[in-house]
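Participant: next come a sequence and a model predicted from it.
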Amino acid sequence: MNWLEIWRYAQVALGIGLVIFVHESGHFIAARLCRVRVDVFSLGFGPRIFGWKRRGTQYQLALVPLGGYVKMAGEEPSDSGRAPAPDELPSKSVGQRFFIYSGGVLMNVAFGLVVFPIILALGVPFPEPLLGPSTPGSPAWYARIPEGTRVLSVNGNEVFGFLSIPNEVALGSPEGSTLEVVEPGEGEPRTIRLKPVYAEDPGVYSIGVNPAVDPRGEIVVEGGSRAEHAGLKTGDRLLRVEGAIEGLSLEDQLAMAMQHGASFRAQFESDGRKREAELESEPSKSVELVILGVAPLVNQVVGVRDSDLTRPLGLEKDDRIVAIDGHPILREFDVLRALAAGDGARTFTIDRAGRRIELKSPPIAPSDVVGFASDIGVTADVQGTRVSVNPKSAAEKAGLRDGDRITKIDDKAVASYKGNKPDIKSAAEAAKDGRELAMTIERADESGRVATLTANVRPEKWSPLAYGLGLQGAQYVYKANSPSQALRVGIASSWKFLEESWRTLEHIVKGQVSGANIGGIITIGVVSHSWASVGITKLFFFLCMLSMNLAFLNVLPIPVLDGGHLFFLLIEKIKGSPVSERVLGYSQMVGIVLIVSLMVYVTFNDIKRWIWP
């Protein structure tokens, strides 16, 4: 780990600590203003790491960095029967106690109101709200929204960065989302209405949009990589890949060239001059996996867009494309490669619900290949058990071949590659400790006869082949034009995050957003580190978001949280006396169970998302 990475992790720790400090300072300041003695001001829970005492208050840093607390005199119930002292919390009026318990929330909101305008005046980097290729079979794909389209607003809400687009859709009505867009080459915006569909992964309503790469083709080059040794550097522009199919986007040109790890030539622009470079691959230095080395076939049709070429072909949703003109369809881009290899009409060999049929396309000109291929939405067939095999992987060494169908693992029939248990993916993950798997496979020869074979496969360490370069994501820096605009947008952003927090909770309750999207301290750390790598203003933008979400969570009427105290104070104000010790005690127990359960749940989500995906 280099010093830059250490500094980023330090920024993350300091940033999260700052948000907690702001919250607890709110309680501390409110208590002091109401003349309540503060015994402990703690960042973190559990045993004290270090601290000091000043003016009767113990200031400390504790071991468990999952929050903090302010312990006020008289806050805990006492059995002594004596009247509370003037500097103890119970001696204060309902209004004063309400102010003290809401102090943290008020400070979190104030943090956003103050910091948002400052960073927006300085300039915050965002992924541009430009659309890349849509997910095949999705509403955006069927709507034929062109790549490079700029989204101005979703459901009437202005968007500053790409991530706001799927968020607004997910938190909007499942009946439909309205996008105001400007398409490439157009000057006037137009409105598109799309009905989102529920995506099991990631558990939200979606229209299938993806971020765009840099429109100018700027690249990012990894230090010490083969790309750097070839003379390339970050900021150079990719112009074209040699031998690329006519009409293919730069993103797909690069992805196709890199797919199998072979060397390729490409044209770049560096410092205003055009040049060619030969790119070679090497095993990744940063990624090492323990895998079997098999993947699902990428041949399932998830949608067909109507056109003069697809209409006569007769492809249907859920068809499996076995081959085109005899070229097997196994991996991503195989459909495109097979179409580009032929001339005139094409013959599609299809598996339709277990029946093998052949379909004939109209004559396809070379200039129509990319458009025709893009109208056939193909994705990985995770419901099947036929696989492709990674070169030099454990599966290849054990004798598996592309197109083999895995029928049993350790004498247990497998139902799918992923999803329907028992599945291939789960069996492979269970064997990452080095256990050998006995596989039964079916393999068809050229005449169609099927042979049953066995193979013993032990997962091995494997690193994907890497070139050390990629296309830069489309980025821009949003900067307010004036202090008044920074203040206006900052206040609007503060309110927006509070509103989004409520809408997220509402949609989880309604079942329109999966609870699996909730993250805990690990997710916060990962996102903080990611945004810290972009720049200090981006990190503070995230900290403002975190502060607003902390304010929202703490105002919920859950015992133990600030909102629980505020709720009981409202009851006390209405009925004229505090709730009974018994009610308070039981509610505190329920609150603790809820909070601990939530912490366990979000930590489980974090582990699934970041540690054992």
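Facilitator: In hand now; what should we look at?
Participant: need the helix or strand of this structure with the lowest average pLDDT.
Facilitator: The element with the least model confidence among the helices and strands of the chain, by mean pLDDT, DSSP states H and E, is helix 521-532, at a mean of 67.
Participant: and the next element down the chain from that helix?
Facilitator: Beyond helix 521-532 on the C-terminal side, the first helix or strand identified by DSSP states H and E is helix 536-555.
Participant: convert that next one to CSV, retaining C-alpha atoms only.
Facilitator: Extracted C-alpha coordinates of helix 536-555, given in CSV (Å, rounded to 0.1, in the frame of the first residue of the first chain):
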residue,chain,number,x,y,z
ILE,A,536,-11.7,16.3,-1.3
THR,A,537,-14.8,18.1,-2.5
LYS,A,538,-16.3,14.7,-3.7
LEU,A,539,-15.5,13.2,-0.2
PHE,A,540,-17.2,16.1,1.5
PHE,A,541,-20.2,15.8,-0.8
PHE,A,542,-20.5,12.2,0.4
LEU,A,543,-20.1,13.3,4.1
CYS,A,544,-23.0,15.8,3.6
MET,A,545,-25.1,12.9,2.3
LEU,A,546,-24.0,10.8,5.3
SER,A,547,-24.8,13.6,7.7
MET,A,548,-28.3,14.0,6.2
ASN,A,549,-29.0,10.3,6.4
LEU,A,550,-27.8,10.2,10.0
ALA,A,551,-30.2,13.1,10.8
PHE,A,552,-33.1,11.1,9.2
LEU,A,553,-32.3,7.8,10.9
ASN,A,554,-32.0,9.5,14.3
VAL,A,555,-35.3,11.3,14.1
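Participant: what's the mean pLDDT across that helix?
Facilitator: The average of the pLDDT scores along helix 536-555 is 87.
Participant: and the helix or strand hosting residue 25, what's buried?
Facilitator: Under the criterion of DSSP H and E, residue 25 resides in helix 3-33. By neighbour count with 16 or more other C-beta atoms under 10 Å, helix 3-33 contains the buried residues 8, 11-12, 15-16, 18-31. No exception for glycine: its C-beta is placed from N, CA and C like everyone else's.
Participant: then stretch 412-432?
Facilitator: By neighbour count on 16+ other C-beta under 10 Å, the buried set for stretch 412-432 is 414, 416-417, 422-429, 431.
Participant: what is the nearest of those residues to residue 84?
Facilitator: Out of those, the one with the shortest distance to residue 84 is residue 429. That distance is 57.8 Å, counting by C-beta to C-beta.
Participant: domain parsing for this structure?
Facilitator: Structural domains assigned to the chain are 219-280, 298-380, 385-465, following automatic domain parsing.
Participant: need the distance between the two termini of the second one.
Facilitator: End-to-end distance of domain 298-380: 4 Å, with C-alpha to C-alpha, to the nearest Å as the criterion.
Participant: next: the shortest one.
Facilitator: Between the opening and closing residues of domain 219-280 we find a distance of 16 Å, counting by C-alpha to C-alpha.
Participant: again with the last one
Facilitator: With C-alpha to C-alpha as the measure, domain 385-465 spans 25 Å from end to end.
Participant: low-scoring pLDDT stretches of the stretch 51-200 of the chain, where are they?
Facilitator: Along the stretch 51-200 of the chain, the parts satisfying pLDDT under 70 run over 66, 77-81.
Participant: go with 80
Facilitator: Within the stretch 51-200 of the chain, the stretches with pLDDT under 80 are 64-67, 76-82.
Participant: dump the residue contacts of residue 146.
Facilitator: The contact partners of residue 146, taken as C-beta atoms under 8 Å, 6 or more residues apart in numbering, are 131, 183-184.
Participant: by neighbour count, which of these wins?
Facilitator: With neighbours set by other C-beta atoms under 10 Å, the maximum within those is found at residue 131, which has 25 neighbours.
Participant: from residue 506, how far off is the closest residue to that residue other than its chain neighbours?
Facilitator: Excluding its sequence neighbours, the residue lying closest to residue 131 (C-beta to C-beta, 6 or more residues apart in numbering) is residue 149, at 4.6 Å. Look at residue 149 and residue 506: by C-beta to C-beta, to the nearest Å, they are 29 Å apart.
Participant: any chance of the domains of the chain in TSV, with mean pLDDT too?
Facilitator: Shown next, in TSV, are the domains of the chain (pLDDT from 0 to 100):
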stretch	mean pLDDT
domain 219-280	95
domain 298-380	95
domain 385-465	90
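Participant: residue 473 is nearest to which of these?
Facilitator: Closest of the domains of the chain to residue 473 is domain 219-280, at 8.7 Å (criterion: C-beta to C-beta).
Participant: returning to what we had before: TSV for the contacts of residue 146, including distance to residue 324 and secondary structure?
Facilitator: TSV is the format used below for the contacts of residue 146 (distance: C-beta to C-beta, whole Å; DSSP: H, G, I helix; E, B strand; the rest coil):
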residue	distance to residue 324	secondary structure
131	29	strand
183	31	coil
184	30	coil
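Participant: need the contact list for residue 505.
Facilitator: Residue 505 sits next to no residue when contact means C-beta under 8 Å, 6+ apart.
Participant: could you verify that it is part of a helix?
Facilitator: Yes: going by DSSP: H, G, I helix; E, B strand; the rest coil, the assignment for residue 505 places it inside a helix.
Participant: and the pLDDT at it?
Facilitator: Reported pLDDT for residue 505: 80.
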